[in-house]
Structures are given as structure tokens and as C-alpha cells.
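> here is my input; please provide its structure:
(4 chains)
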Amino acid sequence: MEALIVTLSTPAVGALLLALVSNVTAAGWLNLMLSGLSLGGSVALALGVLSAGPLTRHGFHIDAFNVYLVVLTTLVGFTTSIFSRPYMLHVCAQRKISQRHMRLYHSMYQVFMLTLLLALTIDNLGGLWVAVEGATLATVLLVSLYRTPEAVEAAWKYFILCGVGIAQALFGTVLIYFAAQHALPDPSQGLTWTVLHTHCESLHPTVMAIAFVFLLVGYGTKVGLVPLHNWLPDAHSEGPTPMSAVLSGLLLNVALYAVVRLKMLTDGALAGSDDPHMAGHLMMGFGLVSFLVASLFLHRQRDIKRMFSYSSIEHMGLMTFAFGIGGPLATFGALLHMLVHSLTKSAIFITVGHAAHIAGTQTIDRIRGLIRTQPSVGWGLLIGGVAIAGFPPFGIFTSEFLVLVATMQRWPWLSVALLVGLGVAFAGLFRHLHPMVYGAKPEGQEPVPANMIPVAVHLGLVLWLGIASPAFLSHWLDQATQLIAGSGLL
Amino acid sequence: MSSVLPLSGIAVAASLLSGGIALFSARLGRTAAVLSFSLLGVAAIAALVAGSAVLVTGATLSYELPLGLPWLPWRVRIDALSGFFLVLIGAVLMAVVAYGPGYVRQFEHGHNSFAVLGGFSGLFVTGMLLVIVADDAFFFMVAWELMSVSSYFLVAFQHENPANRRAAFLYLLMAHVGGLCILLSYGILAGFGGGFAFDLLRTAQVDANWATAAFVLALLGFGMKAGLVPLHVWLPEAHPVAASHISALMSGVMLKIAVYGFVRFTFDLVAEVQWSWGVAVLAVGSFSALLGVLYALMEHDLKRLLAYHSVENIGIIFIGLGLALIFLGTGHRLLGIIALVAALYHTINHALFKSLLFLGAGAILHTCHERDIQQMGGLLRRMPWTGLFFLVGCISISALPPFNGFVSEWLTFQAALQGFVLDSGVLRSLLPVAAAMLALTGALAVACFVKVFGVVFLGQARSRQVRHAREVSFGMRAGQAWLAILCLLLGVFPTVMVTLMDAIPRQLLGAGLSQATAHGWLWLTPVSAATASYAAPLVLLAVAVAWWLAAMLLRRGGIRQCDPWDCGFSPPDPRMQYTATAFAQPIRRVFGLLFHIDERVETEAGIARHRLRVDDRSWGLFYEPIVRLVQGCARQVARLQSGNARAYLGWSLGTLLVLLWIVS
Amino acid sequence: MDSVLSPAAWLLAGIQALLFTLAAPLLSGWVKKVKSRLQNRRGPPLLQPYQNLWKLFGKEALVAHTASPVFRAAPYIVFSSTWLAASVIPLIATKLPTAAVADVIVLVGFLALGRFFLALAGMDVGTAFGGMGSSRETLIAALAEPAMLMAIFTLTMTAHTTNLSSVVDHTLESSYSLRPSFLFALGAMLLVAVAETGRIPVDNPATHLELTMVHEAMILEYSGRHLALMEWAAQLKLMIYGVLIANVFFPWGIATELNLGSLAIGLAAITSKLAVLGIALAVSETVLAKMRLFRVPEYLNLALLLALLGIFSHVILEVGA
Amino acid sequence: MLQLSLTEQIVSVLSAVVLFSSFALLAQVRLVAAVHAFAWQGALVAAVTALMATVGSEPHLYFSAVLTLGLKALLIPWMLHRLIRRLALDRHVETIPYPALVILFGAGLVLFSYWVVLPIERLGFAATRNVIALTLAVVLLGLLMMVVRRQVVSQVIGFMSMENGLFLAAVAATKGMPMVVELGVAFDVLVAAVLFGVFFLQIRESIDSLDVDRLNRLTEAETE
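Presented below is the predicted three-dimensional model:
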């Protein structure tokens, strides 16, 4: 419990503190240290949960499913803060933003981390909603931080679309609460997930089905499922790069986490009805469409960050699809994919940030010869691209392999669609990546100070996960699989 | 015997370490290159020894690695087939190790550091070794893609060159798609077998239609890597642009790994083969062989030309495999074994002579900085050793006795000629047609290598840098010599090799090829002594004796140097020589239908220029439509992102309504 | 394999090979003579080819200074490989041990090896004509070789062996010798033989007209003993095809026992068969005109078609029946 | 015939009026009038909340009622009003393409909502079911308003009216959510409202207009 308090209170306190610190350099370091502290707390929390089993107290619930996401969130938050410090100093030095905005940035960074952690750990669907909405609100100002017309437009779209989406999710939450009023012994606990989960068979199936639709559309908007994804590429491309890294690496995960938790409830409620896998089928449909459409979108990108945000949509689609299939294998694959995708994608966004600094633009056509200009950035981007495209020995291959295998077992014909999507996505990604990293160094392009340690750490972890999934992690994920799919793999 | 696994482990570790050491080349300088190549040498020797030990004893060894997923650990197994390919890798790698240090000297200065080249070379070799020893589909795929990705980086190595970038992209794309096909085919088998370990796949009771589906996917996947027409387009792009010792590894070994995968899949993992598969493989193989050699004839870039010849030879290998499948599918196991051995024999032969030729091309490139054969000429006098070894390679690849290429084609012909045992008249007539295609291919290959050797090494130099070419360093020559000697040995002592390979059919198909060597080491009698026999050592002896006799008898009389006569015209200058284009022109006209020919005369400022482009037809037929389709879809899909926030909200509303309608 | 161990058989094989080599110029002399007669000329004496060879052997060899070692090695290789090919073919007797050393596919391989070096030699000096000859030679060979192999395959599939000696034995023993497949194969073989030996209508051995020559273009730079070897090899090749046609399709008369009587009969038989073939060749060369180069592929396609028909009629009509 | 208690009848009637106010919002072309209609809608929701608090003796609902009244009926309308004046949009009249069609579509949405909640009948509390249908319709109408209106301010009003629908659902169907959640929701709405204000200014600054259709720099479709 102490560990949880440390984990959660650090960003809360940090947000207030950073709102006051006006020294830009100090704020960067403070941000880094706070994130590190939070990481420490979450690791302690994870160790505790691993040794003592799920923790359900004071309105918080931590089990195998969310504890690894908590660690992942704090880890990516920490490494991104390492990257963010010199990066934002550079941005500040270029006079793109003022010191006041830097204060806003750092403070909101912590608020964002807080809302994510809250959304993951809280045992209350209402609280979950509040936290996810809070995450939107915290980041929306960061998206428009640069105040360019594009940034304002992106932020507006982000705000309005996610706002509408999240409102729909709230309606779904209300419906669940409504259903719970007639099913639970203590109706006032009608939003507590653990209680709902134990009584989910008695929830009214139709209400739950309607509720799930609202929740899926609502949280699905945040996951970036096609055709609700429109905000995502805009927000990712126009915001500061550290924000893109955490949005893609973390926020999408958290939204998907919410969908999966709610799917567990819906599946329980619909178990006896005539369409028990409705939730799964909807998710599969959304996932597949997102996956295929995003892979096609990759072909037409002109902005490097937009391109990788479509790649995020693609991968989120794959995960949604996998969770939709259900069953231990697909679920395990999806959980692993969540992990490796976050690590890889945030590493890529960090690299992309450096690349954009080197070229002075985010336009793909004008980023050239990165390997010659700054080998570490060029290779980082290339290897990140290889990893995200699903080549072994990186972990994404492992998770995609599992998902594919599960698909072949349950829906053999859909695996063809998946394979086509993977091929199209790969072509789309690499046709843009190639000219950026390779080739001669353009005139006047100079290296920038870049800290590639976070990238190395992330890609190293992904590589490790691809070669040998450590036993403790497998058990961890397996427990989560048991929770979600009903049976484990091991 | 117990040392085989540790030895293979040493091979893998040494190659991995070689890559690792190369990364420090910035600090260690030339030492890194030498160390890195020595470690590759260790890997080569270990692979050679381990592989031959397995082949000699016919044993099977397996081991489980503490890597991979907890319930899907990486399993290693070395059997005769793996052993054979270990030997293949080891043999070619030896040559590359000798050749490499001299060749990479040119990369010491300039942008392209040895770190990248050496690092990924090590990984590449590691990947290939791991594919050979993998014993479950997951590990196989990991190793397979490791091989693809690391070779992709090697193709992209000199990336200032747009051709390299394009080739690398195309290569990785096709490797990716191919890998996915392979994965899917394993998936089908695993669906019936209940798991991904090869043992489970072997025992899977696969429904015939699904087995065919899996087979087609495997053919696509492995065929894409092997370079079967029309999946070959990456090959002539990627192989030429890589550094030459890497081209040798890619063309000589990596394509063979694809053959390994295909053989492992069809002859080992699939329980019941169907003869109809064999027909498909035979057809694809025949077309690959013929089109490969025809495209090669039209090519003037030496390395591209060699790459197209890889397509041809892979086609010949697949003709053998197709014959094997037909015979096995119709219950003629012995003949199937002959065809399989023929295919595998050609596999190792091609590995040897194609690597040899690529190393030769690399030597020329190294000293002349030229890949266009139209600029070469007369190199034999400037680079006598390279020329000699290249000639050996040319003779071998043209399947002329007494070198190795002939033996495997001879075996393939022998298998094809046994077609009369088949019941179906259609099949019976198909086999001779395939044999005719093979014959046509062989004759065209002779034409092509006459062109290559004639234009490159004979005649007079056509450009300045070629005129100043010098023989390459000892190490580079030694690498070529090793392969040339192996080419000759495999050509002269086929019985030794067939005896060694006997363990493979014994393990895969439960019977050996003992009658092939029943009459002693001198005689190769694949079916029976009465049907066909070939005594390669005697042939070599006879050639030698005939030559010696002729030379002895004709010793008298001197030799006088003079100008060329050329029907009494003035002494010809280099520009008067027959060019490669001219040489290939009759064939271009005869087979014009198969090429995409763009020939025109352009008049510019009063000077008329004749322009000629001969391209592969498969681009226009197969690839451009796919590209257009994807682009078109992407354009349609992009309308989703119209930029209008109200439209986006409309999507949200619409989605909600549709979903509500669905669930209600 | 039994014949392999018998020294007498080896001796006979050696004699046959020697005979083959020595008789080759005679055959081309014979063809020339008959042709001259048909054209109402007296023609050179029958033994003129021997005289030519002898003369050339005695002469100094001129080698262009642009030539490489391949140029000097090529005549020896071409000659020895052609000679090896000849030694595999039963001339007067079957059960040759050499036929077991190298079967009919190896024979084609030997011929190809010779052609490979012949074509290289053509390109070696770096003249305009040499390359042209090599290019045309390889084109013709590329198209002729499959047709020839198909024709041979028809025979070998009938006999279930690729050992030429056994093929001849099989045809002799078999009562069913009037096969449609043989007819087609013979047709194909005749067409291929004309193309491969460089006779009219594909090539004209008597011409030195720059634009039409094929074989002569390749050996344009040769002189002295090198030229002699090349010429001899060409004569050998003519003989090879003649004997192949004569003994494989019409094997009657060839010695199957190793005694003097039957050997004598065999010698007489092959002599008369070759004489007849020579007359046929001379007649056809007199009647026909040389084709344009790009008509040659059509001509060889006809050969391939015949060979294919042969093999199809074999696998469909004869095996299934 | 359904037997409904008086409270249920009043709740139903008030909810129906809320629905009507949604239509009013949908059709209202003048911004100031729309803000007023929105304020009335907020007041109605607050009234329902207070009613539920009295009937169900749920004291925390009183708090909710006050909060709603303060926030939805007073504070946010006041802020919007001020912004409208500051941005000089008092006399702005928006053109809605095909207004009749929009209203018809809105009516269709109401029907659709009824159809969707029809299977909930089995639970046996018909009134709540109707309320859910009504609130669902309010939410959908709010969304529809956002789709058809080009004015940023109208979009915000549509958004807020969606929130009203949600809140009404929570109150009428379930007697209010737990207090913490409601506080959180209210806080989020407040922050959202403030952010909207910030955005008005930013958008005005960047495109010199408040027409969302002109926010289309980030398009990927091909421009014909």
C-alpha cells in the first residue's frame, strides 16, 4: 500500500511543485527525479503484488493485469522524462515556447502521469472515467503548446473528439451502474469493478450490451480505433515530441486497458445469452478495420510523426483484435504486444524527435541521410523501424506470432487479412523510412545533442523479450491471461 | 559424436562474436577486421566438422535452449539434412574468410565503416546457422527473419547509392511477405499437430486440402527467398549491390537455406506428399530455369547477370525437387530419392560455383571498379589466377564435364528419364518436357558464359581502368582457389559425395541410395549399372591423356606472334570487338516475346543514339498491378482523414448508431 | 559392368576410337567428292583432307599478340573432348566399356565442352568476326541441343538405359523395331546433325563470306597445327553424328560378339551406312540453299517439334500400350 | 396501462421537456438564444435532481442539484455569454443546411433510442426505461448538433447538452452516482468549460474565425 501511495502521490505532488518552479533547467531535472521516484514506487508495488497476490483496498485494485501496466507506465514516463529534459531545453532555446509554457508543460506532464496511474489502479468505473477524461484534459493544452495554427487545430479536434467519445463512455458507465442497481446486494458499490466482476452473471445482458457499445465507442476513440481515430494523427504530429511518445506509448494502452476490463464484465453478463461473444466480435471487427486502414494510411504520409501515429493505430488495432479473439493464446499475445509496442513506439518517438531537430522539420521529404549526419539517431530510427515492423529477434515478432497463431486456430481466414495488413504496413513504413535514414548527408545538416540512452534501454528490453521471455514476466502475464481469458497458458 | 552439438554451438557463437568484434572496428582498426574474419573462419571449420560428422554417422542430436517463450523453448536438432547444409555453409564460408580481409580493405577509409559490414555479416551467418539447426517453427522463424534482416542491412550497406536503397527495400519487403507465408504454412500444420515443435508437425494428421494449402504457402514463402520466377525480382537487385563476398554468401548460401527450408518442409514435416505438388514445383522450376538464364543473357552488369543465373540454378534445383515429389507421390520411392539427391547435389554445387563466380566478380570490381562487362576485356592476361578460377566457375555452372555442375544435372536427367514408370500418360509426357527445358537451359547457360568469359577475360580491354587492372591479393585468390578445387573434386568424385549424402534420404525417406555407389568409388550408377553409369575420374583421366597425346604429338613447329588477321582488315582496335549486346542479339530476337524490350533511336543534336533496354516482364505483369492496387486503396482510405471536425463527429455518431443497431 | 573388366573390350574400344579418328577426314572427303560429282566437277581426291591436315601440322602456327592462353589451349580441348565423345559411340561393335564410363548425356556434355572452348577461342583475339561466329554458334547449339537430347531420350527411354552401347543392343534384340517414335526421333536427329555439323542449309563449311559464316568465323585466326586440330575436330563431329544416326537407328550389322568375323561384318556395315549417309548429305547440300540466320531458329524448332512428337508418341503410344 | 407513481410521472415529464429543449438547441440559429436554451436545460436537469433527492431521500443528490444548477445553468452559460460578447458574436446567425431534414433526423434518433432500449422491458421498471430512452436521445441529439453546427460555440453547447443528458440519465435512472464520481465529473466539466474558453481565443487567433469547417489544414484527402 505504501508503494502505491508513493507511486500515485509523487506525480500529484510533482504537478503542484512543477507548477511553481520557473527555472527551466531545474524543472527538467525535477521532472526526471519525480518520474524516477514514481518508477521506484511502482516497482516496489509490483514486487509486493507478485509476492502477496492482488491488492484491493481503499478503492484501489491492483492485480496481475494492471500492475505490469503500472510499471510500464512509470518506466516509459521516466525514460521519456530523460529525453524530454534536453529536448525541451532545445525547444525553449529556439524560442518556440516561453518559460511560462515550460512550467505548464512540466506540471501537465506529471498530471498526465497521475491520471494514467489512477486510471490503471482505481477500482471504480466512474473513477476510471474521470481519470481518462483527466488525461485528455491534461494533454490537450500540451498539444497546442506551440500555438501554431496546426497545433491549435489539432488540439481542438483532439479535445472535441475525445470529449465526445468520453461522454459516450460515461453514458455507458451510467448504464452499467443502472444494471448494477438491480443485480448487486449493495447497489452503492455498483461502480466498483471487483464487485461487479464477482456478480457479473446477474447483470442485465441487454443493458450491458448497450453499455458496452457506448464504452467501446467512447474508450475506443481514445484507443484510436478506425473510424474514431481521426484525432490521433493530428494530436501526435502537432504536440511536443515527448508528449507524442507518452500518448502513443501509454495513453492508448490505458484506454485499451479500460476496454478490456469492461469486456470482462460484458462477457460475464452475456455468458448465458444467445450471443455470448458479442463484445469480442465487436472488438475483432474494430481491430481488424483499424489494422488494415491504418496500414494503408501509412503509404500516404508526409509527416514523420503522423506516420508513426498511424503505426500506433495499426498496432492498437492488432491488440484490440487479439483481445477480441479471446482465449489464452491471443490474450497472452495481446498483453505482450501492449508491453513491447509501448516500449518500441516511445523509443521511436524519442528518436523521431531528434531526427526532426536534426532536419529542422517533421516533413519526411526533407529528412535525409540521418545515418550519415548522426549515426546514433539514424540507426536508432532504423532499428526501431525494424522492431516495430515485427522482425525478430525483437519482441514484437513474438507477440505478433502468438496473435497470428491464435487467429489461425480460431479464424483461419482472418489470418490472411492480418498477413496482408502486415505486408502493406511494412511497405508503407519502410518506403518512407528508407530515404530518411539512408543516403548522403544533406548540405548544412548538423548533429544535435541527443541522449539515446532511453532508446537503447527500450530497444534492449524489446530485444530481450524477443529472445527470451523471462520466467517472472511470463508468469506475470500468464496470471493476467488467467484473469482475462479464464485460463492460462503455462 | 557427442562433440557435434558443442561444435555447432561454437560455430554459432563464433559467428556472433565475429559480428560483435566488428563493432569495435573504430577503436581496433584493421585488427578488428582480421579478428572478425578469423572468428568466422572458426565458425566455418566448426560447421564443416560438425556437419560431416553428422553425415558420416547418420546420427540425430537434439537440444533445448533456455531461450524463447516458457512453453515454447527454442529447440535445436541436427540431423543429416542439417549436417549437409552445415557442410555447405562451412565450405563457402571458408572461401569468404580467406577472401574477405583483402576485399574489405577498400572500406577502411570513407563513410561505410567495417563495423556495420562485419557486424551484420556475423549476424547473417549466425542466422543461417540457426535456421539449419532450428527444430521448432517459432525458432525457425526467428532465425529465418534474423537472416533476412541482417542481410538486408548488408544490402543497404553502401546506401549513398540509390540502387542499394531500392534493392534493400524491395528485398526486405519480399522477405517479409515470404516470411509471413512460411509462418502461415507452419501455422496450418501446427493447427493439426497441436504445437510448433517440428516433432508435432511431423506427426500431424493433416487434411489433404489443408496440406495443399500449407504446401502452396511454403512454396511461395521459400520460393520468394530462393528466387523462383516470378518471385525473383528482388534477387537481381539485391545481390549485385552488396559487397561481393556478401553476394557470394547470399547467392551461394542464403538461397540454399531457402532450399533447405523447402526440403525440410515438404520431405520431412509433411507426412504425405501429393504428386500434384510435384507437377507445380516442376513447372515453376522449369520456368525459373529457362527465364533465369534468358534474363541473364540480356544482362551486362556482371553481378546482376550472376544473380539471374542464381534464379536459373534454383530453377534446376526445383526441377529436381519436383521430380522427387512426383515420384514419391506416386509411390516410386527409389526414384524420388535419386531426384532428391540430384537436387541436393546441385544445391551444394551451385553454392560452390556461384560463390566462386561472385568472388571473381568481386575481384574484378575490386581492382577495376567496374561492373559493366561492356567496359571490360582482356582481363585474363592481367589477372591470370582470377581468370583461371573464374573459368572453372564458368565451366562448372555451364554443366560441362568433368566439373561438378555436370554431375548434378546428369543425375537430374537420369531421374527425369525414369518417367516411363509412371502410370499417368500426362505425367509421363511432362517429365521429358521438363528435361528438354533443362537441356535448353543448359545450352543457353553455355552461351551466356561464353559471353561472360569471352567479353570479360578475352579480347582486348575496353576501358582505361580495366587496362590497368592488377591481380588481387593472395588471400582473395586463395578463397577462389579453394572453391575452384572443390568444384573439381565434386565433379570428379561424385561417388564420395553421394555416399556422404546417403544419410539424408535414409533419415527423411527411410531408404538410402546404396545402388548408386554399389560398383565402387569409380562408378556412379544411380538407378542401376545397366541403366546408366558415369565414371568421372576416368573421364578426367581420358581428357588428360587425350590432351597429353595431342600435345606430345604436335610438339614440333614453332609459334610466331603476329597481329590478328581478321580477314585482312587493319589490326582491330578494342572498339571493333563484338560486344556483349551484339553477342546476345540473336537470342534476344529469337526469344523476344519473353522480354520487355525498349529499343529506339534517339537523335540529339544531329547525333543518333541507339538505346536499348531489356527488362524482366514479371514487373509489369505481377508487381505493378499490386502496387497500383495498394496505392488506389490508400488514396480512397485517405478520404477518412478529410480534416473536417464535423465529419469526424459524424463518424462517431454513425459508428454509435450502427453498433447500437447491431446489438439490439 | 562385366564388359568393363575385360581387357579385350578395352583394347577394342581403343581401336574403335582410333579408327573413328582416322576415318573422320575420309568421310568429309567422301562428301566433298560426291558433292563435286553432283555438281559435275571432278573434285578433290578422296584423301585430300589427310593431306591438308598433314600440311597444316607441319606449318608454323601464328598466334595474334592479343591472344590469351585460352586461344592456344582451345584446339587441344576441342579436339580431345570431341575425340572422347567419339570413343563412347559404338562404331563396329557394341558392349563398349567406354560407353559405361560416359553415357549419352555425357557425350552431349563432351560436345558442349568442345563447343564452349571453340566459342571462347572465337572471342579470344578480339576481332569482329570471331565474336560473331561464337554468338551464332551458341545460338544454334542452344536450340539444337534440346532437340538432340529429346531425340536421344526417345531412344534411351525405349531401351531404359542411357548407355549407348546398351541402346544399340536393345534395338537389335527387340522385335518391335518399327516404332513411330523412332521415325520422329530420326527426323529430329537428322535436322540437328545438319545444324550441329555446320552444313548447308544452316552453315556453309566451304565459305569465307564474312556475313554468313559461323564455324569458319570462329577459327578465322587459327593457323598451322591449331587449325589442323580444329578442322579435324569438325570432321570428327560430322563422323560422330553420322555414326550416331547410322548405328542407333539402323544398328543392323554391328558386331555384338568379339570375334573377327563379326567385327569385319560390323566394319563393312558401318562403312556402307556412312557412305550412304554421305551421299544423302551431299545430295541435300546440292539441292538446298543456305538459309538466313534468323530462319535457323524456325528450322531448329521443326527439329524440336519432331523430337517432342517422338517422345510423346513413345510415352503415350508405346509405354501405355 | 402502466402504473406510474406521481414522482415517476413528474420525472418523465421533466425529462421530456429536457428532450424538447435539445430540439430547441438543435434548431436555434442564434447563438445567444441557444445559450439561453442551454441554461434552461441545465436548470431542468437540476430540478429533476432535486426532485429525486426529495423522493429518494438521498441527501447527496441535493448537493448534486445545487452543483448542476450552479455549473450548467449559471456558470457555464454566463461564461459562454461573456465569450460571445467578447468575440462579438451577439448577432451571429448561423445557417444550417437543410434544417427540416436535421429535425427529422433528430426525431428519427428519438425513435431509434426507444427501439434500442425496448428489450430492457423485462426488468419491469418501465418509467426508468423511458427515461433512459429519453436521455439516450438527448445524448444523440447533442452529438447530432455537433455534427451539423459549424460554429465552435454551438459545438460546445452541443457537447455540454450531451453532458446534460448523461447527468440526467445518472440521476433519473440510478438515483445518482457515488459522490466521488459526481464530483470528479463536475470538476472535469468545469475544466473542460475553461479549456473551451481558452480554445475559442486560440482558434480565433489562428484562423480569424470560429467556423470549424475552416479548421482543415490537417487534411490528408486529395484536394481536387
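
> so who does the residue nearest to B:Leu306 when sequence neighbours are not counted touch?
Of all residues not flanking B:Leu306 in the chain, B:Leu357 sits nearest, at 5.4 Å (C-beta to C-beta, 6 or more residues apart in numbering or on different chains). In short, each C-beta sits where N, CA and C put it, glycine included. Taking C-beta atoms under 8 Å, 6 or more residues apart in numbering or on different chains, we find B:Leu357 in contact with B:Leu306, B:His309, B:Phe390, B:Gly393, B:Cys394, B:Ile397.

> what's the most distant pair in those residues?
B:His309 and B:Phe390 (13.2 Å; C-beta to C-beta).

> any stretches of chain A with poor pLDDT?
For chain A, no stretch is flagged by pLDDT under 70.

> burial check on C:Met213, number of neighbours?
C:Met213: 23 surrounding residues under other C-beta atoms under 10 Å in any protein chain shown.

> just want the most central residue of chain D.
Nearest residue to the geometric centre of chain D (C-alpha atoms, centre = their mean): D:Ser161, 1.1 Å.

> which non-adjacent residue is nearest A:Leu402?
Per C-beta to C-beta, 6+ apart, closest to A:Leu402 is A:Gly333, 3.1 Å.

> and the strands in the chain, which stretches?
Let's take chain A. Ranges of strands within chain A are A:55-57, A:60-62, based on DSSP state E.

> indicate which one of those is closest to A:Pro442.
strand A:60-62 (50.2 Å).

> ok, the closest one near chain D or not?
No. Strand A:60-62 lies apart from chain D when judged by C-beta under 8 Å from any C-beta of the partner chain; the minimum separation is 12.8 Å.

> returning to that earlier point: pull the contacting residues for the residue nearest to A:Leu402.
The contact partners of A:Gly333, by C-beta under 8 Å, 6+ apart, come to A:Ala322, A:Ser399, A:Glu400, A:Phe401, A:Leu402, A:Val403, A:Val405, A:Ala406.

> quick one, longest helix in chain B?
Ordering each helix of chain B by length in residues (DSSP state H) puts helix B:333-368 first.

> buried ones in that one, by neighbour count?
B:334-368 (16 or more other C-beta atoms under 10 Å in any protein chain shown).

> pLDDT on that helix, on average?
For helix B:333-368, mean pLDDT rounds to 93.

> apart from its neighbours in sequence, what residue is nearest residue 249?
Answering for chain A, as no chain was given. Spatial nearest neighbour of A:Gly249, chain neighbours left out: A:Ser346 (3.5 Å); criterion: C-beta to C-beta, 6+ apart.

> please refer instead to chain C.
Among residues not flanking C:Phe249 along the chain, C:Leu186 sits closest, at 5.0 Å (C-beta to C-beta, 6+ apart).

> quick one, what contacts that neighbour?
Counted by C-beta under 8 Å, 6+ apart, C:Leu186 has contacts C:Ala151, C:Ile245, C:Phe249.

> ok, so of the residues you listed, who is nearest chain A?
Comparing the contacts of C:Leu186 against chain A with C-beta to the nearest C-beta places C:Ala151 closest, at 47.3 Å.

> can you count the residues close to the closest one?
33.

> show me what contacts it?
C:Ala185, C:Leu186, C:Ala188, C:Met189, C:Val192, C:Leu306, C:Ala307, C:Gly310.

> show me the two of those that sit farthest apart.
It's C:Val192 and C:Gly310 that sit farthest apart of the contacts of C:Ala151, by C-beta to C-beta, at 12.0 Å.

> how about the single nearest residue of chain D relative to chain C, secondary structure?
Ranked by C-beta to the nearest C-beta, the top residue of chain D for proximity to chain C is D:Glu222, at 50.6 Å. Using DSSP: H, G, I helix; E, B strand; the rest coil, the secondary structure recorded for D:Glu222 is coil.

> my guess is it contacts B:Arg635, does it?
Yes. If you go by C-beta atoms under 8 Å, D:Glu222 and B:Arg635 touch, sitting 6.6 Å apart.

> compare the two and say which is more crowded by neighbours.
Set D:Glu222 next to B:Arg635 and count neighbours by other C-beta under 10 Å: B:Arg635 wins out with 15 against 9.

> quick one: pLDDT of the more buried one?
B:Arg635 carries a pLDDT value of 89.

> same question for B:Arg609.
Reading off the model, B:Arg609 has pLDDT 83.

> next, count neighbours for the residue nearest to it when sequence neighbours are not counted.
Leaving aside its sequence neighbours, B:Arg609 sits nearest to B:Glu602 (C-beta to C-beta, 6+ apart; 5.0 Å). Applying other C-beta under 10 Å, we find 9 other residues in the vicinity of B:Glu602.

> let's verify B:Glu602: helix, strand, or coil?
Three-state call for B:Glu602 (three-state DSSP): strand.

> got the contact list for the residue lying closest to A:His337 once chain neighbours are set aside?
Ranked by C-beta to C-beta, 6+ apart and with sequence neighbours excluded, the top spatial neighbour of A:His337 is A:Ser399, at 3.7 Å. By C-beta under 8 Å, 6+ apart, the contact list for A:Ser399 reads A:Gly333, A:Ala334, A:Leu336, A:His337, A:Leu339, A:Val340, A:His341.

> and if we set it to 6 Å?
A:Ser399 makes contacts with A:Gly333, A:Leu336, A:His337, A:Val340, as judged by C-beta atoms under 6 Å, 6 or more residues apart in numbering or on different chains.

> of those residues, which is the most crowded?
Counting neighbours by other C-beta under 10 Å, A:Gly333 leads those with 29 neighbours.

> measure that residue to chain B for me?
Going from A:Gly333 to chain B by C-beta to the nearest C-beta, to the nearest Å gives 10 Å.

> next one: that residue from chain D, what distance?
31 Å.

> how about C:Arg42?
Taking C-beta to the nearest C-beta, one finds C:Arg42 at 87 Å from chain D.

> which phi and psi values does the residue lying closest to that residue once chain neighbours are set aside adopt?
Sequence neighbours aside, C:Ser36 is the residue nearest to C:Arg42 in space, at 6.4 Å (criterion: C-beta to C-beta, 6+ apart). Backbone geometry at C:Ser36, expressed as degrees, to the nearest 10, gives phi -60, psi -40.

> try D:Ala172
Dihedral pair for D:Ala172: phi -80, psi -40, per degrees, to the nearest 10.

> got it, and the one 5 residues further on?
Backbone dihedrals for D:Met177, given as degrees, to the nearest 10, come out at phi -80, psi 170.

> so which residues on chain D come close to chain A?
With C-beta under 6 Å from any C-beta of the partner chain as the criterion, chain D comes near chain A at residues D:119-120, D:123, D:139, D:159, D:162, D:166, D:169-170, D:173-174, D:177, D:181, D:184, D:188, D:191, D:199, D:202-203, D:206, D:215, D:217-218.

> residues from the stretch 501-650 of chain B in reach of chain C?
Checking the stretch 501-650 of chain B against chain C by C-beta under 6 Å from any C-beta, the hits are B:519, B:529-533, B:535, B:538-539, B:542-543, B:546-547, B:550, B:554, B:557-562, B:564-566, B:572, B:576-578, B:583, B:586-587, B:590.

> what sits against B:Arg611?
Contacts of B:Arg611 (C-beta under 6 Å, 6+ apart): B:Arg600, B:Glu602.

> for it, give its distance to B:Glu237.
Counting by C-beta to C-beta, to the nearest Å, the separation of B:Arg611 from B:Glu237 is 21 Å.

> over to C:His215?
39 Å.

> C:Pro201 too?
Relative to B:Glu237, C:Pro201 is positioned 43 Å away (C-beta to C-beta).

> which of the two has more neighbours?
Neighbours per residue, other C-beta under 10 Å: of C:Pro201 and B:Glu237, the larger number sits with B:Glu237, 21 against 18.
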